[in-house]
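K.L.:
I would like the atomic coordinates for the input below:
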Amino acid sequence: MRPASESMGMAVALLALTLLSFHCAGCHSGSEKSGPPPRPTSLAKVDEHRLLHAEDDAANWMTYGRTYAEQRFSPLNQIDDQNVGRLALAWHMDLDTQRGQESTPLVVDGVMYFTSAWSKVFAVNAVTGEKLWSFDPKVPPEWAINACCDVVNRGVAIWQGKVFVGTLDGRLIALNSATGKQIWETLTIDPKFRYTITGAPRVVKGKVLIGNGGAEMGVRGYVSAYDADSGGMIWRIYTVPGDPSKPFESPALEKAAKTWSAEGRTFGAGGTVWDTIVYDAELDLLFVGVGNGTPWVRGKRSLQGGDNLFTCSIVALRPDSGEYVWHYQETPGDPWDFDSAESIILADLIVGQSARKVLFHAPKNGFFYVLDRATGGLISAAPYTTVTWAAGIDLKTGRPMENPKVRYEEGKGGLVAPGPLGGHSWHSMSYSPATKLVYIPVSDAGFFYKADDAFQPKTLAFNTGIDFVAAGMPQDPATKKAIFSSIKGRLSAWDPIQQKEAWRVERKSPVNGGILSTAGNLVFQGTAQGSLEAYRADSGQKLWSAETQSGVVAAPVTYRVNREQYVAVVVGWGGVFPLATGEVALQSGRRQNISRVLAFKLGGSSSLPALPEQRIAQLDPPRAVASPATVKKGEGLFQRYCSACHGDVAVSGGVLPDLRYSATLRNDQWFEIVLGGALKQFGMVSFSKELSREDVTAIRAYVIARANQSLRDAKGVAK
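P.N.:
Got it, this is the predicted structure:
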């Protein structure tokens with residue numbers, strides 16, 4: 001499950017008309033303070049030499065993972081485990097959206113560049129937070145229907161005076177780094193298909209590299225390289241074989257096709273490269289993390305089974321041509337959404353008595369892998385979270401040792417761990433060469449998988465092939481309590497040589513922010529509860545915490561300007577977890593959602609404004625009068641079309657409005673919005689192509705029933 005559609009189902013626009021006065025899901029509007037025009041800045045001087053030697057440039061953070069190795073480790077040590085208690089807010093900058101914020105800021109010579117929701121780009125003074133320029137690519141709000149996991153963006157790339165951003169609607173744009181003016185734009189997708197871009201581009205040898213998302217929407221994955229000067233495409237490599245009636249694009253795909261049933265390859269097949277692209281300059285190799293197949297149920301995408309290469313794999317390519325070099329598949333024939341698009345970290349280790357060039361990977365499937373990055377050979381693997389689908393990884397074959405009958409597609413369904421959230425998703429991990437530990441934001445949560453026997457692909461819904469009614473949260477209090485108690489998260493310090501945990505910090509929520517480690521013997525992480533925290537990197541002792549006033553999913557960065565070190569993070573609660581998981585997300589203790597950039601330094605003297613008063617909503621639904629058959633029909637439609645945004649079993653996870661409270665439950669505005677597209681400008685498309693008035697009536701009946709059930713549970717009275 002990727003990174004959740006903003007308007008899939010009864011998108012947030014439904015709630016624009018509620019008595020609660022919530023914000024619209026797709027709203028681009030936001031007030032900005034007036035003032036003098038921004039001061040011009042010089043062009044960002046990032047070139048091949050600087051990126052290749054970024055390890056020696058401690059002051060700056062010039063690429064997504066700070067260096068090409070993407071260790072997210074900084075040699076800065078002015079802030080350390082002895083003085084971190086003096087760390088305080090230096091400045092903050094409010095953003096004009098209350099959606100999920102996943103960006104990693106880049107800092108080059110005193111200027112910070114970052115993105116926000118809706119693929120907007122900002123440049124600010126890294127010392128003061130003063131905005132220098134901003135750029136809005138004006139993503140059509142209705143494109144959010146194609147985003148599986150929120151309208152997020154993870155950041156930019158910088159190269160020779162240009163800032164590159166991929167937009168939610170599939171464009172790659174180059175901006176002048178001094179002014180924010182657009183230089184060129186290219187469409188990286190076929191707009192007939194439901195592609196998105198949420199990941200950060202990378203620049204290697206003058207080529208801008210970008211993948212895309214959309215596996216749950218029935219697309220075919222690929223990664224592309226574009227000329228940084230002109231925007232012209234240099235090469236494109238597909239990750240899964242395409243239409244069996246057409247020629248193969250490469251010899252590698254011809255071999256991969258032998259692991260698929262031909263009839264299953266006509267529906268996109270998935271395998272999107274939606275996040276991780278890492279470059280090894282010494283070996284001149286690109287490593288890309290490939291996502292899951294679509295639908296999730298293997299029998300519905302590849303009727304005769306098979307490994308379905310190159311889904312759920314790490315694939316090594318030549319950066320000049322995109323030529324295939326090697327692959328390692330972590331979850332063959334995956335039916336659990338165990339994609340391999342998560343952080344890849346490069347390191348040099350002594351394994352046994354030998355120096356090895358390795359890569360670390362903690363994908364969704366719950367195993368921590370150490371691979372030889374020259375050959376793709378498996379060195380070791382061990383579970384880093386609860387794993388029930390496999391007993392381990394066979395070190396001779398590299399294949400998982402699956403537990404019997406774990407493939408739900410062959411039976412009535414069953415509980416499997418990890419679930420679609422994964423043991424670890426896109427939230428960045430970090431490796432410290434000082435401690436030799438990898439710091440992982442771990443999730444510990446299972447999921448009930450059951451195939452939807454009546455599955456048919458749709459253009460306005462998720463296309464997983466999963467029965468989300470069967471997977472929905474049971475309403476029996478004892479069962480819910482047991483489920484809540486079993487779902488948790490942690491910050492885990494992992495020893496990649498011993499393949500065991502060195503220390504951990506327990507978290508209330510399974511989803512929290514990415515990780516930064518520093519030479520000051522510190523590890524920083526933001527939390528779902530609304531704090532940024534620092535721990536001793538060697539022991540896990542908590543040393544410092546600051547209020548962020550919003551849940552954090554992005555990773556912090558650190559940089560130095562004028563001999564002062566800063567720690568900065570973009571905050572804003574969002575992504576698939578709070579959108580889709582309903583009551584589980586609400587149990588995470590999330591604060592009000594206020595999107596900002598926060599920067600801290602030793603002795604900082606700034607402070608955040610007081611939180612606005614939060615209005616407590618009251619359930620007041622109309623009477624539930626629909627027949628059980630109508631409510632049951634509505635439940636199935638809601639879980640297929642609406643739950644990805646408005647929450648499992650009609651309980652919002654806190655980012656988008658909760659439909660149980662909607663005033664439109666009482667009037668025909670429900671139909672004007674859902675079928676008539678009355679609020680299309682806010683991201684709520686019309687569903688009339690796939691849903692009838694009878695369908696939409698049934699969905700409303702289900703939401704009314706759930707609202708009344710929730711009211712009884714809360715107050716012990718029937719309405």
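K.L.:
Show the pLDDT at the nearest residue to Ile197 once chain neighbours are set aside.
P.N.:
Nearest in space to Ile197, with sequence neighbours left out and distances taken as Cβ to Cβ, 6 or more residues apart in numbering, is Gly166 at 3.5 Å. For every residue, glycine as well, the C-beta is placed using N, CA and C. On pLDDT, Gly166 comes in at 98.
K.L.:
Let me see the contact set for Gly166.
P.N.:
Applying Cβ atoms under 8 Å, 6 or more residues apart in numbering to Gly166 gives the contacts Ser119, Asn153, Leu172, Ile173, Thr188, Ile197, Thr198, Gly199, Ala200, Pro201, Ile210, Asn212.
K.L.:
List only those of the residues you listed flagged as buried.
P.N.:
Among the contacts of Gly166, those scoring as buried are Ser119, Asn153, Leu172, Ile173, Thr188, Ile197, Thr198, Gly199, Ala200, Pro201, Ile210, Asn212 (criterion: 16 or more other Cβ atoms under 10 Å).
K.L.:
Need these in CSV (columns: secondary structure).
P.N.:
Formatted as CSV, these follow (DSSP: H, G, I helix; E, B strand; the rest coil):
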residue, secondary structure
Ser119, helix
Asn153, coil
Leu172, strand
Ile173, strand
Thr188, coil
Ile197, coil
Thr198, coil
Gly199, coil
Ala200, coil
Pro201, coil
Ile210, strand
Asn212, coil
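K.L.:
Let me know the closest of these to Gly231.
P.N.:
Checking the buried ones among the contacts of Gly166 against Gly231 by Cβ to Cβ gives Leu172 as the nearest, at 7.0 Å.
K.L.:
Return the residues in contact with the closest one.
P.N.:
Contacts here follow Cβ under 8 Å, 6+ apart; on that basis Leu172 touches Phe164, Val165, Gly166, Glu185, Thr186, Thr188, Ile197, Pro201, Val208, Ile210, Tyr226, Gly231.
K.L.:
The fourth one against Asp169, yeah?
P.N.:
No. Under the criterion of Cβ atoms under 8 Å, Glu185 lies out of contact with Asp169, with a separation of 11.2 Å.
K.L.:
for the protein, which spans come out with low pLDDT?
P.N.:
1-41, 264-266, 716-719 (pLDDT under 70).
K.L.:
50 - rerun?
P.N.:
Applying pLDDT under 50 to the chain flags the ranges 1-38, 717-719.
K.L.:
By residue count, which helix of it is the longest?
P.N.:
helix 693-715 (DSSP state H).
K.L.:
still on that earlier bit, any chance of the contacts of Gly166 in CSV, with distance to Ala528 too?
P.N.:
Compiled in CSV, these are given as follows (distance: Cβ to Cβ, whole Å):
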residue, distance to Ala528
Ser119, 24
Asn153, 20
Leu172, 32
Ile173, 31
Thr188, 32
Ile197, 25
Thr198, 19
Gly199, 22
Ala200, 22
Pro201, 28
Ile210, 29
Asn212, 27
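K.L.:
and Pro612, how many residues sit next to it?
P.N.:
9 (other Cβ atoms under 10 Å).
K.L.:
which one is it nearest to, not counting chain neighbours?
P.N.:
Using Cβ to Cβ, 6+ apart, the closest residue to Pro612 is Gln592 (7.3 Å).
K.L.:
which residues in the stretch 451-600 of the chain form helices?
P.N.:
Along the stretch 451-600 of the chain, counting by DSSP state H, counting those that start in this stretch, helices occupy 468-471, 477-486, 576-580, 583-586.
K.L.:
out of those, nearest to Val557?
P.N.:
Closest among the helices of the stretch 451-600 of the chain, using Cβ to Cβ: helix 576-580, at 22.3 Å.
K.L.:
show me the residues around Arg86 that make contact.
P.N.:
Leu602, Gly603.
K.L.:
Just confirm Ala262 contacts Pro244, I think it does.
P.N.:
Yes. Contact criterion Cβ under 8 Å: Ala262 and Pro244 qualify, at 4.0 Å.
K.L.:
can you put the helices of the stretch 451-600 of the chain in JSON lines and add mean neighbour count?
P.N.:
Output for the helices of the stretch 451-600 of the chain, formatted as JSON lines (neighbours: other Cβ atoms under 10 Å):
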{"stretch": "helix 468-471", "mean neighbour count": "18"}
{"stretch": "helix 477-486", "mean neighbour count": "12"}
{"stretch": "helix 576-580", "mean neighbour count": "30"}
{"stretch": "helix 583-586", "mean neighbour count": "22"}
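K.L.:
which one of Glu185 and Asp169 has more residues nearby?
P.N.:
In this view Glu185 and Asp169 are compared by other Cβ under 10 Å, and Asp169 has more residues nearby, 22 against 13.
K.L.:
Confirm for me that the more buried one is in contact with Pro141.
P.N.:
No. Using Cβ under 8 Å as the test, Asp169 is too far from Pro141 to be in contact (10.1 Å).
K.L.:
Now do the same for the nearest residue to Lys364 once chain neighbours are set aside: helix, strand or coil?
P.N.:
Distance criterion Cβ to Cβ, 6+ apart; nearest residue to Lys364, sequence neighbours excluded, is Gly422 at 2.7 Å. Secondary structure state of Gly422, per three-state DSSP, is coil.
K.L.:
neighbours around Gly422, how many?
P.N.:
Using other Cβ under 10 Å: Gly422 sits among 28 other residues.
K.L.:
now Lys396, what's its secondary structure?
P.N.:
Recorded secondary structure, Lys396: coil (three-state DSSP).
K.L.:
Against Arg399, how distant is Ala157?
P.N.:
Applying Cβ to Cβ, to the nearest Å, the value for Ala157 to Arg399 is 35 Å.
K.L.:
Thanks a lot, see you next time.
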